[in-house]
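Participant: when you get a sec, could you give me coordinates for this:
(one chain, ligands or ions: 1)
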Amino acid sequence: MNGAGNAFAVFDARSTPFAPTADQVRQIAADLQADQVIALERDATKDVFMRIWNSDGGEVAACGNGARAVAHLILEETGKPMVTIQTEADMLKGYKAEGGLVTVDMGSPLMGWEDIPLAEKMDVRGVDVKVGPMDNPTLSRPAVVSMGNPHAVFFVKDVDAYDIPALGPLVEWHPLFPEGTNVGFAQVIDTETIRLRVWERGAGLTKACGTGACAALVCAARAKLTGRKARLVLDGGTLIIDWRESDDHVYMTGPVEMEFETVI
Ligand SMILES: N[C@H](CCC[C@H](N)C(=O)O)C(=O)O
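Facilitator: Predicted coordinates for the structure are as follows:
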């Protein structure tokens, strides 16, 4: 399945257990050119439990576009107006939106150093990660936030001016991030539009990143660079991110496509 350019291999494990090894995940992701591998499992109280592995084989707790793809599947399957998806990180709600789009309520952003997590106690507004020459760093002072997974967002003048495959890994596994981090390169176009490219933890430069889009909007709004709702323009598509004051939840809306389905 494809969510705004993010490619997923989704396995329905509600009847047949699916517990791949890291090597098997890597092989599946390579064979199907998937950014993440996702397994749907039964859940005692929610419509489905969603497990997520990055293409490097590591299991993670959150995947925004993956949640939208799963929401689309379960909304179609059940005909319900809203579906609940449990992940390691949070309980998410999925809804049909206008124009065949799908919305997922991603819950509240987490901003404590232990939420991200960071390697030491600090005010997250003071994170000073430098990349490149110390006297004239290529990147510095990312905004950091967790959407159930860690994100470091650099606000830059031109996202296309950066060698993301060279710079991304230097931040992804920086010692300040003991569990690694996703690395966003965000260019504020206007108060309602952000151009975003993401070097994903465990998956590299992808065409879209749902939690990355949420993270970039939250960090931009927190810094008063945009309002609390904006269009996030990624290489693979556009997401509407709305960080609502009413409940502090971040709502992500965008396209989902079933690329092909098979029985194995
Ligand atoms: N690479 C992310 C997981 C997938 C995130 C992305 N595909 C999304 O849509 O949120 C991580 O390691 O936290």
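Participant: only C-alpha atoms from now on, for both contacts and neighbour counts.
Facilitator: Noted.
Participant: what does the protein have sitting close to the ligand?
Facilitator: 54, 60, 62-66, 149, 200-203, 209-212 (CA under 6 Å from any ligand atom).
Participant: nearest to Ala9, of these?
Facilitator: Distance ranking of the residues of the chain next to the ligand against Ala9, using CA to CA, places Gly66 first at 9.4 Å.
Participant: tell me the SS of the closest one?
Facilitator: helix (DSSP: H, G, I helix; E, B strand; the rest coil).
Participant: that one contacts Phe8, doesn't it?
Facilitator: Yes. Using CA atoms under 8 Å, Gly66 is in contact with Phe8, at 6.8 Å.
Participant: what touches both of these two?
Facilitator: Counting by CA atoms under 8 Å, 6 or more residues apart in numbering, the common neighbours of Gly66 and Phe8 are Gln36, Ile38.
Participant: how about the strands in the stretch 151-264 of the chain?
Facilitator: Assignment of strands within the stretch 151-264 of the chain using DSSP state E, counting those that start in this stretch yields the ranges 182-190, 193-200, 204-206, 229-234, 237-243, 250-254.
Participant: list of residues touching the first one?
Facilitator: When contacts are defined by CA under 8 Å, 6+ apart, strand 182-190 is touched by residues 149-159, 168, 171-172, 194-201, 212, 216, 225-226.
Participant: please repeat the previous calculation with a cut-off of 7 Å.
Facilitator: The contact list for strand 182-190 (CA atoms under 7 Å, 6 or more residues apart in numbering) reads 150-159, 168, 171-172, 194-201, 212, 216.
Participant: then the last one?
Facilitator: Judged by CA under 7 Å, 6+ apart, the contacts made with strand 250-254 from elsewhere in the structure are 4, 101-108, 214, 238-244.
Participant: show the average pLDDT along it.
Facilitator: Averaged across strand 250-254, the pLDDT comes to 98.
Participant: cool, and the shortest one?
Facilitator: Confidence over strand 204-206 (mean pLDDT, whole number) is 98.
Participant: the second one too?
Facilitator: Looking at strand 193-200 alone, the average pLDDT works out to 98.
Participant: that one pairs with which strands, parallel or anti?
Facilitator: Here strand 193-200 is paired, per DSSP bridges, with strand 182-190 (antiparallel), strand 204-206 (antiparallel), strand 229-234 (parallel).
Participant: so who does the residue nearest the centre of the chain touch?
Facilitator: Nearest to the geometric centre of the chain sits Thr211, at 2.6 Å (CA atoms, centre = their mean). Thr211 sits next to Cys63, Gly64, Met147 when contact means CA under 7 Å, 6+ apart.
Participant: Thr191 now?
Facilitator: So Thr191 contacts Leu225, Thr226, Gly227 (CA under 7 Å, 6+ apart).
Participant: mind pulling up the pLDDT for the residue nearest to the centre of the chain?
Facilitator: For Thr211, the pLDDT comes out at 98.
Participant: helix, strand or coil for His72?
Facilitator: State at His72, reduced to three classes by three-state DSSP: helix.
Participant: what strands line up against whichever strand or helix holds Phe49, and which way round?
Facilitator: Phe49 is part of strand 48-54, with elements assigned from DSSP states H and E. Strand 48-54 pairs in its sheet with strand 36-41 (antiparallel), strand 59-60 (antiparallel), strand 82-86 (parallel), by DSSP bridges.
Participant: any residues touching the second one, and which ones?
Facilitator: Contact partners of strand 59-60, identified using CA under 7 Å, 6+ apart, comprise Ile52, Trp53.
Participant: chain center to it, what's the gap?
Facilitator: 12 Å (CA atoms, centre = their mean, to the nearest Å).
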